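> Based on what follows, work out the 3D shape:
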Amino acid sequence: MNVQEIHQAKKPDNVLEMAKGNYESLFIIGYDNDGNLDARGTTNINNAEVLWLIELFKIKLLNGDYGD
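Modelled structure (predicted):
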């Protein structure tokens, strides 16, 4: 996995727009407009793969792979 940075924008809709057409599978986690934790994903990713993505992301984040 080769991730250079976390793509950021001020509005969630802009982040989603930047992601269009760039992924074969996807898992999104965030807070909805009521402040509740919400998650969504494509049908070609299962719970084990989601957990793997989260753990891999956590390791890379703690190692500073995404910068500040």
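> What residues of the helix or strand bottoming out on mean pLDDT in the chain count as buried?
One helix or strand of the chain scores below all others by mean pLDDT, DSSP states H and E: helix 12-19, with a mean of 87. Across helix 12-19, burial judged by 16 or more other CB atoms under 10 Å covers no residue at all. For the C-beta atoms, the positions are set from N, CA and C on the backbone; glycine is no exception.
> which residue packs closest to Leu53, ignoring adjacent ones?
Phe27 (5.8 Å; CB to CB, 6 or more residues apart in numbering).
> three-state assignment of Glu55?
When classified by DSSP: H, G, I helix; E, B strand; the rest coil, Glu55 comes out as helix.
> circling back: so the residue nearest to Leu53 versus Gly64, what's the distance?
Here the criterion is CB to CB, to the nearest Å. By it, Phe27 lies 22 Å from Gly64.
> what does Phe57 give?
Distance from Phe57 to Gly64, by CB to CB: 13 Å.
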